[in-house]
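**Student:** Starting from these lines, generate the structure:
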Amino acid sequence: MEKFYIFKSLAIIIIAAKIFGLGARKLKAPQVAGEIVAGILVGPSVLGLVQYSDFLGQMAEIGVILLMFTAGLETRISELKKTGVKALLIACAGVFVPLVLGALLYFGFYGMAPWGSEDFYKGVFIGLILTATSVGITVEALKELGKLSDTIGTTLMSAAIIDDVIGIVVLTIVIGFRDPTQDVGHTLLMTGLFFVTSIVCGYIIYRLFKIYDRKHRHTRRIPIIGLALCFAMSFAAERYFGVADITGAYIAGVILSSLKDSTYISRKMDINSYMIFGPVFFASIGIQNDLSTFNTSILLFSLAFVLVGMGAKVIGCGTMARLTGFNRRDALKIGCGMMTRGEVALIVAQRGFTLGVLDSSYSTSVILLIIVSSIVTPILLKLLYNEKK
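**Tutor:** Reported below is the predicted structural model:
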């Protein structure tokens, strides 16, 4: 009988997410912020109507993959080429500044540690957690504002993808210093190989799709095959190259973005995302974080962790965006768009717990950062895109 509770959970999530999403829109806030709040309300933190499960986690994963695939479909290749170098520089700053400030935050609370000591690695891991960017919420906020495919949106998407790749590589290097059995060179090689393979295979796939699209224009089989490509590239990225599955989904979207039917494919993907997978993804952020388990003994550090985590992205990415030619307001949009944290931050933190570098009590800090940044980022983006003074 337990499997039937899945339907109850989905019904509650969809209704609550839509009610709070519409409420947020009435208050002139992004719908995603309302959907996250709905997740906190129906989850174990408040009402306890829905419990986080593996099934919901998998649904949420499909949700973020569809979001990234749509983001790729709406990416303009010309803009991507124009912003490529800028995005790389912004991503590097978005990793370096949070890494340094996160480590300094830890050392500020618990004292400086000598190079190579356990406390030194604790500080580095705190910084590593802050390097991660969760782009799904930013994607939805920009889509809602109609700004996903402009120069800022494209730069943000590219920088966020590169940011996560660099963050995982840096994580591997740090683990390699602490654990000699980890092969850093192999990770770098596989990451490079993924992008080379994506370019070569992507061009072939694009040509085949173009021929098929010409013969079967505006038929439902085009988005169906496109969705299959999205899932296949997500699987291949994670399984064979060790790159995040969302990166594979985004690349799949970019490959198909120049098709005449790319808008048609995107519209079909939006139906699935808007109806079920999107609300489940955003609500699950609130559901999986039980605020009642917060450790009050680490509360002061957690608050500082949230402030430094969000500020470090604005400082690092925003400053680099300014240096690469964006005006002050656009640089701030990029910095704020890179603030959100999600699954990658949890993965990095979990690696720290598994290795025994970090105490599990620090999960309080990570959860608080995810919740606050997920709610605040879309609100700030909407304010920044408001052209009124």
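**Student:** Taking the centroid of this structure, which residue is nearest it?
**Tutor:** Central residue of the chain (C-alpha atoms, centre = their mean): Ser134, 1.9 Å from the mean position.
**Student:** quick one, phi psi at that residue?
**Tutor:** Main-chain torsions, Ser134, degrees, to the nearest 10: phi -110, psi 110.
**Student:** And Thr133, by the same measure?
**Tutor:** phi -130, psi 130.
**Student:** Low-confidence stretches in the stretch 1-150 of the chain?
**Tutor:** 1-3, 28-30, 79-80, 116 (pLDDT under 70).
**Student:** whoops, the stretch 151-300 of the chain was the one
**Tutor:** Ranges of the stretch 151-300 of the chain meeting pLDDT under 70: 168, 172-173, 175-184, 289-297.
**Student:** mind running it again at 90?
**Tutor:** Within the stretch 151-300 of the chain, the stretches with pLDDT under 90 are 151-192, 194-195, 210-222, 237-251, 254, 257-300.
**Student:** distance between the helix or strand hosting Glu238 and the chain's centre?
**Tutor:** Using DSSP states H and E, Glu238 maps to helix 221-241. The gap between where helix 221-241 is centred and where its chain is centred comes out at 18 Å by C-alpha atoms, centre = their mean, to the nearest Å.
**Student:** repeat for stretch 214-223
**Tutor:** On C-alpha atoms, centre = their mean, the centre of stretch 214-223 falls 31 Å from that of its chain.
**Student:** got a list of contacts for that stretch?
**Tutor:** Applying C-beta atoms under 8 Å, 6 or more residues apart in numbering, the external contacts of stretch 214-223 come out as 209, 212-213, 260-261, 264-265, 268-269. For the C-beta atoms, the positions are set from N, CA and C on the backbone; glycine is no exception.
**Student:** nearest to Met190, of these?
**Tutor:** Phe209 (26.3 Å; C-beta to C-beta).
**Student:** and Gly111, how many residues sit next to it?
**Tutor:** 9 (other C-beta atoms under 10 Å).
**Student:** hmm, I was thinking of Leu227
**Tutor:** For Leu227, the tally of surrounding residues (other C-beta under 10 Å) stands at 18.
**Student:** where's it relative to Ala237, distance?
**Tutor:** Plainly put, Leu227 is 16 Å away from Ala237 if you go by C-beta to C-beta, to the nearest Å.
**Student:** Dump stretch 151-171 to PDB, restricted to CA.
**Tutor:** The C-alpha coordinates for stretch 151-171 follow below in PDB (Å, rounded to 0.1, in the frame of the first residue of the first chain):
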ATOM      1  CA  THR A 151      23.800  38.100 -23.300                       C
ATOM      2  CA  ILE A 152      23.500  38.100 -19.500                       C
ATOM      3  CA  GLY A 153      21.400  34.900 -19.400                       C
ATOM      4  CA  THR A 154      23.800  33.100 -21.800                       C
ATOM      5  CA  THR A 155      26.800  34.300 -19.800                       C
ATOM      6  CA  LEU A 156      25.200  33.100 -16.600                       C
ATOM      7  CA  MET A 157      24.400  29.600 -18.000                       C
ATOM      8  CA  SER A 158      27.900  29.200 -19.400                       C
ATOM      9  CA  ALA A 159      29.600  30.500 -16.300                       C
ATOM     10  CA  ALA A 160      27.500  28.200 -14.000                       C
ATOM     11  CA  ILE A 161      28.300  25.100 -16.100                       C
ATOM     12  CA  ILE A 162      32.100  25.900 -16.100                       C
ATOM     13  CA  ASP A 163      31.900  26.800 -12.400                       C
ATOM     14  CA  ASP A 164      30.600  23.400 -11.400                       C
ATOM     15  CA  VAL A 165      33.200  21.600 -13.600                       C
ATOM     16  CA  ILE A 166      36.100  23.700 -12.100                       C
ATOM     17  CA  GLY A 167      34.600  23.100  -8.600                       C
ATOM     18  CA  ILE A 168      34.600  19.300  -9.000                       C
ATOM     19  CA  VAL A 169      38.100  19.400 -10.400                       C
ATOM     20  CA  VAL A 170      39.300  21.500  -7.500                       C
ATOM     21  CA  LEU A 171      37.600  19.000  -5.100                       C
END
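**Student:** That's all I had, so thanks and see you.
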